[in-house]
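Visitor: dropping the sequence and predicted coords here.
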Amino acid sequence: PVASAIEEQTAKLPSDLFLWLGIGSMVASAVFQIAGHKKVSNFIGHWPVNFLVLGLYNKLVKLEGHD
């Protein structure tokens, strides 16, 4: 029941959102790197993978549905 509730809510989000969040976090990470904030840049640099995986999951749920 928890997964179904989450899938219902995330299916309402456009798939592009996760792509733009991933790209935005890559840009933010690069900006912090250039500004010399290495630790913050490294922290934010781990976000794109998560956003892109969530986007794939969202797309699969939209196409295939859930159990």
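Guide: Nice, I can see it. Quantities reported herein were computed from a predicted structural model and do not represent experimental measurements.
Visitor: state the distance from residue 48 to residue 19.
Guide: To residue 19, residue 48 is 10 Å away according to CB to CB, to the nearest Å. The C-beta positions use only the backbone N, C-alpha and C, and glycine is treated the same way.
Visitor: these two: which has the busier surroundings?
Guide: residue 48 (20 against 14; other CB atoms under 10 Å).
Visitor: which non-adjacent residue is nearest the more buried one?
Guide: residue 22 (4.2 Å; CB to CB, 6 or more residues apart in numbering).
Visitor: how many residues are close by that neighbour?
Guide: 19.
Visitor: ok, it - contacts?
Guide: By CB atoms under 8 Å, 6 or more residues apart in numbering, residue 22 lies in contact with 47-49, 51-52, 55.
Visitor: among those, which one lies nearest to residue 27?
Guide: Distance to residue 27 across those (CB to CB) is lowest for residue 48, with 9.8 Å.
Visitor: tell me the contacts of that closest one?
Guide: By CB under 8 Å, 6+ apart, the contact set of residue 48 is 22-23, 25-26, 29.
Visitor: 6 Å - rerun?
Guide: 22, 25-26 (CB atoms under 6 Å, 6 or more residues apart in numbering).
Visitor: quick one, longest helix in this structure?
Guide: helix 15-35 (DSSP state H).
Visitor: past that one, which element shows up next along the chain?
Guide: The helix or strand immediately downstream of helix 15-35 is helix 38-45, counting by DSSP states H and E.
Visitor: helix or strand right after that following helix?
Guide: Helix 38-45 is succeeded, C-terminally, by helix 47-64 (DSSP H and E).
Visitor: now the contacts of residue 22 in JSON lines, with pLDDT and distance to residue 3?
Guide: Formatted as JSON lines, these follow (pLDDT from 0 to 100; distance: CB to CB, whole Å):
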{"residue": "47", "pLDDT": "95", "distance to residue 3": "23"}
{"residue": "48", "pLDDT": "95", "distance to residue 3": "24"}
{"residue": "49", "pLDDT": "95", "distance to residue 3": "21"}
{"residue": "51", "pLDDT": "93", "distance to residue 3": "19"}
{"residue": "52", "pLDDT": "93", "distance to residue 3": "20"}
{"residue": "55", "pLDDT": "89", "distance to residue 3": "17"}
